[in-house]
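J.: let me see the structure of the following:
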Amino acid sequence: MGRIIKYLIIVLILSVIGLIAYAYVGPWFGADFSAPTTEVRKPVVLDAN
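T.: Residues are numbered from 1 along each chain as shown. Modelled structure (predicted):
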């Protein structure tokens, strides 16, 4: 049981390291993490009864 937990912790740590590496290296490979810059306006109808 201890070995399974040990391996799960190792996999979790490697996953976090991989996610951080992807966040830094991703834009070099075409991944765009920037927010959309267009303004969106939608009418809102409030029902105040």
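J.: every contact and neighbour count from this point should use C-alpha atoms.
T.: OK.
J.: got the contact list for the helix or strand encompassing Tyr24?
T.: Using DSSP states H and E, Tyr24 maps to helix 2-25. Under the contact criterion C-alpha atoms under 8 Å, 6 or more residues apart in numbering, helix 2-25 has no outside partners.
J.: can you rerun that using 10 Å?
T.: With C-alpha atoms under 10 Å, 6 or more residues apart in numbering as the test, helix 2-25 has contacts from Gly26, Trp28, Phe29, Ala31, Asp32, Phe33.
J.: for those, which one is nearest Asp47?
T.: Nearest to Asp47 among the contacts of helix 2-25, counting by C-alpha to C-alpha, is Phe33 at 37.0 Å.
J.: so that closest one, which state does it fall into?
T.: Look at Phe33: counting by DSSP: H, G, I helix; E, B strand; the rest coil, its state is coil.
J.: setting aside sequence neighbours, what's the nearest residue to it?
T.: Nearest residue to Phe33 in three dimensions, chain neighbours excluded: Pro27, at 7.6 Å (C-alpha to C-alpha, 6 or more residues apart in numbering).
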